[in-house]
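1. model this:
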Amino acid sequence: MEVSEAVFMSPDFSVDSFIASTRSTMTLDQLQTRLVELFGVLRNSMVELINKDYVDFVNLSTKLVGLDKAIAKLTVPLGQLKTDVEEIKGEIDTEIVKVDSRLQQHLRTREDKALLQRFLAISTSLEKLEKMMKSTGSEDPFGDDAGKMLGMASELNQLLFSVGQCRDLPFAAQALPRIDALRRVLEAALADRFARGVAARSTELMAQCIRTFAIIDKMDDALRLFRSLVAAPAVAKIVTKDCVGAAGEGLDAVLSGLLAWLRDNMAVIRCVTGAATKGIDLLVDAVWPEIVDSLMTKCSSIFSSGVADVFHRNYTAMQGFVDGVEQQCGTLAAVARLRASPALAALRKRWSLPVYFQLRFQEIAGQFEATLMDGFGLAEADSTDEVKSRPAAMLLVCVRRCWAPDVFVPALAHRFLKLSFQLVSRLAAWTGTLTCDGKSLTISDCITLERDAHKLSTVFPALVHSLMAPLLRAPPAAMAALAGAIEDALQHLDGVARQARMAAESHLTGQAVTVALDGARAIPRLYRRTGKEMPSTPSGYLETMFEPLHAFARTAREVLPADQLAHVWLLPCVKIITDKYLAGVNEVLVSVRKTEENLIRLKKMRGSQANVASGPDAGATDEDKIRAQLREDIKNFSVQVNLLGVSPADVPSIAELNVLLDTRPADSRTEDI
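-> All right, here's what the predicted structure looks like:
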C-alpha cells in the first residue's frame, strides 16, 4: 500500500485502521521510514509556504495591534442599543395583546349583534306569519292571492333558516313549537289548495302549490299529494283486482288504458313538473311508482312463469308498455331517470327470467335430444335448408326456435346465444358415438350426414348474421367475440363430417383388411410342396376384398361428385387397406424366406438334391411361385384401385409393395447345384 498525504487528509482517518491496512504490505520498520520521509516533505512544504507569504504574516500581526481596544469601545454602545430594543419589543408585545383582546371583544360583539338580529328576524317573522294567518279569518290563509301564498312560504323558509343558525339557543328552542304549528297550518292549507286545483283541473293552481312546496323544501310531500290525489284514483279505475285473468287475459287492455291516460294527462304532468325544482319529475317520481305498485299488487298473476308462452306474452306486453311510457317522458334525461328508478328495478325483479329460460331450455334441448335418441333418419321432404338428415334439420329448427319472436327475450340474449352453440356442440358429440354397422348408421347415412355437416357450415354462420346479430345489438367488440364463437361452431361441424367419414371408413375397411390378410397368408399353403404350376392369374380374394368399396362407390356416385368421392372418401380407405396389405405381404415373404432357408439347410445335411420341379416350370421353387402369385395379386390390386377412380400414384404403399417383391436375396438354388 502506498502511503501518501491524501490518506491523512481523509475525514474518517483512524490510526488503528491505517496500521492494520499497512501491515499486510510492509513491516513496521518500513512504515516508520516512510512516515519519517513524509514528515520531512511536509515540514519542508510548510517552511516554503511561510517564506513565500512571510510579508503577509508580518503585516497581519502589525494590523492587529490595538484591535482589542477598539472592540472594547464598541461593546458599551452596542449593549445599550440591545437594552433599548428589548424595551421597545416588550412595549410592542403589550400593545399586541391589548389589540388582540379588543379584536376578540369586537368579534364577540359582532356575533352577539348577529345573534340579536336573528332573534329579531325570528320574532318578526313569527309575528308576521301569525298575523297573516289570523288576518284571513278562514281555513285557507292564502285566499285568492297567489302572491301571498308565495310570500308566506318565503317568509317561513327564511324563518327556518334563521332558526337553523341558532338552534341550540334557548330562544330558538322556545320558538320551535310556534314554528311547527305555523308549518303544519301552511302545509295543510297547501294540501287543501292542491286538492282544489286537482278537482278543478287547474294546472295553474297545482303549479303554484308545487312551487310553494319547493320553496319550503317539502317536495316529498308534494309528490305524495300528486300521487294520492292524481295518479292513484286514475290508476285505480284502470287497474282493478280482477282486471287480468290467471293466464294474463286482459293485460293488453289494462296497459293500453294506462298509456291512454298518460297521453291525455301528460300536458298537466309536464306543466306541474315545470313548476318544481330541478331534478323532480312527477311522471317518474309519482305517477310511475303508483302504476308499478298497482300492477304488482293487483295483477300479480302476470308474473307467473309456470307456462312459458303465457309468461313471454305478458313480459313482451309489459316491455312494450315500458317503451310507451318512455316515449311520454319527452327528454332523454327523463328517460334516463325512468330507467334508473327504483320502481322499474322492482318491476324487472318480479319477472323470473332464469325460470323462463329453464323452461325454454327444457323445451328446445329436450326436442333436439329426443330426435338424437331416435337415431339417424332422413328429414321430411319439405326441408328448405337442403339438409337431408333428421338431426341436422332439427338442429336448424331448434336454433331458429331460440330466436323466434314468441320465445326470444332481449334480457336473455346471452343465454339463448349460448344454447344455440351448445346445440351444435351436442350434434358433434352425438355423431362421435355412432358406428357404421348397418344399425345406427349405414353407408348411405354417413354420406348424408357428411353432406349435411358441410351444408350446416354455410347455413349456421348465415343464421348468426341474419337472425341473431340484429337481435343482439352488440357493439363491435362483442361482434368480434361472436365471430370467434362461430369459428368454434364450424370446428364442431367439421368434427361431425370427420366422424361420419371415419365411421364409413371403419365399416368399409374392416372386412376388406380381414380378407386381404387372410388371402395373403393363405398363398404359401397353396404352393408349399403341392406341385402346382407357376401362377399366371390373380387370387380370387382380391375381388372379395374390394367388393364393399365398389358397392359404396356405385351408391355414392349418385349423390357425390366424382372428385370428392375419390379423394375424400375412397382414397383414405384405399390407403388404410394398402397399408395393412403391405404389412401382411411383408409378413408372408419373411415367413416364406425363413421356411425356404430351413429346408435348404435340412437337405444339405441329408445330402439330397434340392426339390426342383419338372416340366414347363422346371427350376422354379415354391418361393418363386409364391412371389409370382403375390406379384399377380399386386398387379390386380392396382387395377382394382383404378376401377374405384383412385390413382395408384396417390397411394405410396402400392409402390412399396412392388419394391418389396422386386427385392429378394441371391438364389439359393445355385448353392445346391
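2. what about the strands in the stretch 201-350 of the chain?
-> With DSSP state E, counting those that start in this stretch as the definition, the stretch 201-350 of the chain shows no strands.
3. any low-confidence regions in it?
-> Residue ranges of the stretch 201-350 of the chain with pLDDT under 70: 246-248, 274-279.
4. starting at the chain centroid, how far to the helix ranked longest in the chain?
-> Ordering each helix of the chain by length in residues (DSSP state H) puts helix 67-136 first. Chain-centre distance of helix 67-136: 67 Å, with CA atoms, centre = their mean, to the nearest Å.
5. tell me the mean pLDDT over it?
-> In this model, helix 67-136 has a mean pLDDT of 80.
6. that one - contacts with which helices or strands?
-> helix 146-165, helix 170-199 (3 or more CB pairs under 8 Å, 6 or more residues apart in numbering; DSSP states H and E). C-beta coordinates here come from the backbone N, C-alpha and C atoms, glycine included.
7. and those, which one averages the lowest pLDDT?
-> Among these, helix 146-165 carries the lowest mean pLDDT, a mean of 67.
8. chain neighbours aside, what residue packs nearest to Pro461?
-> Ile486 (5.3 Å; CB to CB, 6 or more residues apart in numbering).
9. ok, the one you found touching Val464?
-> Yes: if you go by CB atoms under 8 Å, Ile486 and Val464 touch, sitting 5.6 Å apart.
10. more crowded one of these two?
-> Ranked by neighbour count (other CB atoms under 10 Å), Ile486 and Val464 place Val464 first, with 22 against 17.
11. is it true that that one touches Leu482?
-> Yes: contact criterion CB under 8 Å: Val464 and Leu482 qualify, at 6.9 Å.
12. tell me the mean pLDDT for stretch 474-494?
-> Computed over stretch 474-494, the average pLDDT equals 75.
13. need the residues that contact it.
-> Contact with stretch 474-494 is made by 417, 421, 424-425, 427-428, 453-454, 456-457, 460-461, 464, 468-469, 472, as judged by CB atoms under 8 Å, 6 or more residues apart in numbering.
14. which of the residues in that stretch are buried?
-> 474, 482, 486, 489-490, 492-493 (16 or more other CB atoms under 10 Å).
15. of all the residues you listed, which comes closest to Ala370?
-> Minimum distance to Ala370 across the buried residues of stretch 474-494 is 20.5 Å, recorded for His492 (CB to CB).
16. how far away is that closest one from Arg227?
-> 56 Å (CB to CB, to the nearest Å).
17. equivalent analysis for Ile600, please.
-> Ile600 sits 116 Å away from Arg227, taking CB to CB as the criterion.
18. kindly report the same for Asp374.
-> For Asp374, the distance to Arg227 - CB to CB - is 59 Å.
19. can you check Leu283 too?
-> Leu283 is 11 Å from Arg227, by CB to CB.
20. who's more crowded, these two?
-> Ranked by neighbour count (other CB under 10 Å), Leu283 and Arg227 place Leu283 first, with 23 against 19.
21. how about the nearest residue to the more buried one, chain neighbours excluded?
-> Ile269 is the one closest to Leu283 (CB to CB, 6+ apart), at 5.4 Å.
22. how far off centre is the host helix or strand of Pro524?
-> Element membership for Pro524, per DSSP states H and E: helix 476-527. How far helix 476-527 lies from its chain's middle: 35 Å, per CA atoms, centre = their mean.
23. ok, then the element right after it?
-> Taking DSSP H and E as the definition, the helix or strand right after helix 476-527 is helix 541-556.
24. list the buried residues for that next one?
-> For helix 541-556, by 16+ other CB under 10 Å, it's 541-542, 545-546, 548-549, 552-553, 556.
25. export it to CSV, keeping only CA atoms.
-> Output in CSV follows, covering the C-alpha atoms of helix 541-556 (Å, rounded to 0.1, in the frame of the first residue of the first chain):
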residue,chain,number,x,y,z
TYR,A,541,-59.8,-62.9,-52.7
LEU,A,542,-59.0,-59.6,-54.3
GLU,A,543,-62.5,-59.1,-55.8
THR,A,544,-64.0,-60.0,-52.4
MET,A,545,-61.7,-57.6,-50.7
PHE,A,546,-62.7,-54.6,-53.0
GLU,A,547,-66.4,-55.5,-53.3
PRO,A,548,-67.5,-53.3,-50.3
LEU,A,549,-65.7,-50.3,-51.8
HIS,A,550,-67.1,-50.9,-55.3
ALA,A,551,-70.6,-51.2,-53.8
PHE,A,552,-70.1,-48.0,-51.9
ALA,A,553,-68.7,-46.2,-55.0
ARG,A,554,-71.8,-47.3,-57.1
THR,A,555,-74.1,-45.9,-54.4
ALA,A,556,-72.1,-42.7,-53.7
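26. list the contacts of that helix.
-> In contact with helix 541-556 (CB under 8 Å, 6+ apart) are residues 443-444, 447, 504, 507-508, 511-512, 515-516, 518-519, 522, 565, 569-570, 573-574, 577, 633, 636-637, 640, 643-645.
27. buried residues in the helix or strand where Ala453 lies?
-> Using DSSP H and E, Ala453 sits in helix 443-463. Using 16+ other CB under 10 Å as the burial criterion, the residues of helix 443-463 that qualify are 443-453, 455-457, 459-461, 463.
28. tell me the angle of that helix relative to helix 476-527?
-> Put simply, helix 443-463 runs at 170 degrees to helix 476-527, going by axes from the mean of the first three to the mean of the last three CA atoms, to 10 degrees.
29. and helix 443-463, how far from the chain's centre?
-> How far helix 443-463 lies from its chain's middle: 31 Å, per CA atoms, centre = their mean.
30. next secondary structure after it?
-> Next element after helix 443-463 (DSSP H and E): helix 469-472.
31. buried residues in that next one, which are they?
-> For helix 469-472, by 16+ other CB under 10 Å, it's Leu472.
32. for it, packing partners?
-> Against helix 469-472 (3+ CB pairs under 8 Å, 6+ apart) you get helix 413-431, helix 476-527.
33. mind checking which of those is nearest Asp217?
-> So among the helices and strands packed on helix 469-472, helix 413-431 is nearest, using CB to CB, at 44.4 Å.
34. okay, stretch 378-394 in CSV with CA atoms only?
-> Output in CSV follows, covering the C-alpha atoms of stretch 378-394 (Å, rounded to 0.1, in the frame of the first residue of the first chain):
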residue,chain,number,x,y,z
LEU,A,378,-84.0,-38.7,-43.1
ALA,A,379,-85.8,-35.4,-42.7
GLU,A,380,-89.1,-34.5,-44.2
ALA,A,381,-89.1,-33.8,-47.9
ASP,A,382,-90.2,-30.2,-47.5
SER,A,383,-87.0,-29.1,-45.7
THR,A,384,-86.0,-25.7,-47.1
ASP,A,385,-82.3,-25.8,-45.9
GLU,A,386,-81.2,-28.6,-48.2
VAL,A,387,-80.2,-30.8,-45.2
LYS,A,388,-81.3,-34.4,-45.6
SER,A,389,-80.8,-35.9,-42.1
ARG,A,390,-83.3,-35.5,-39.3
PRO,A,391,-80.7,-34.5,-36.7
ALA,A,392,-79.3,-31.7,-38.9
ALA,A,393,-82.8,-30.5,-39.8
MET,A,394,-83.8,-30.5,-36.1
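35. buried stuff in it?
-> 379, 383, 385, 387-394.
36. closest to Ala334 out of the residues you listed?
-> For the buried residues of stretch 378-394, the nearest to Ala334 is Asp385 (46.6 Å; CB to CB).
37. off-centre distance for stretch 65-72?
-> So, by CA atoms, centre = their mean, the centroid of stretch 65-72 is 92 Å from its chain's centroid.
38. check stretch 314-330 too.
-> The answer for stretch 314-330 is 29 Å, by CA atoms, centre = their mean.
39. could the C-alpha coordinates of it be exported in CSV?
-> In CSV, the C-alpha atoms belonging to stretch 314-330 read as follows (Å, rounded to 0.1, in the frame of the first residue of the first chain):
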residue,chain,number,x,y,z
ASN,A,314,-97.1,-11.0,-20.6
TYR,A,315,-93.4,-10.0,-20.4
THR,A,316,-93.5,-8.7,-24.0
ALA,A,317,-96.6,-6.7,-23.3
MET,A,318,-95.1,-5.2,-20.3
GLN,A,319,-91.9,-4.3,-22.1
GLY,A,320,-94.0,-2.6,-24.8
PHE,A,321,-95.8,-0.7,-22.1
VAL,A,322,-92.5,0.5,-20.6
ASP,A,323,-91.4,1.6,-24.0
GLY,A,324,-94.6,3.6,-24.4
VAL,A,325,-94.0,5.3,-21.0
GLU,A,326,-90.5,6.2,-22.1
GLN,A,327,-92.0,7.9,-25.2
GLN,A,328,-94.1,10.1,-22.9
CYS,A,329,-91.0,11.2,-21.0
GLY,A,330,-90.2,13.9,-23.6
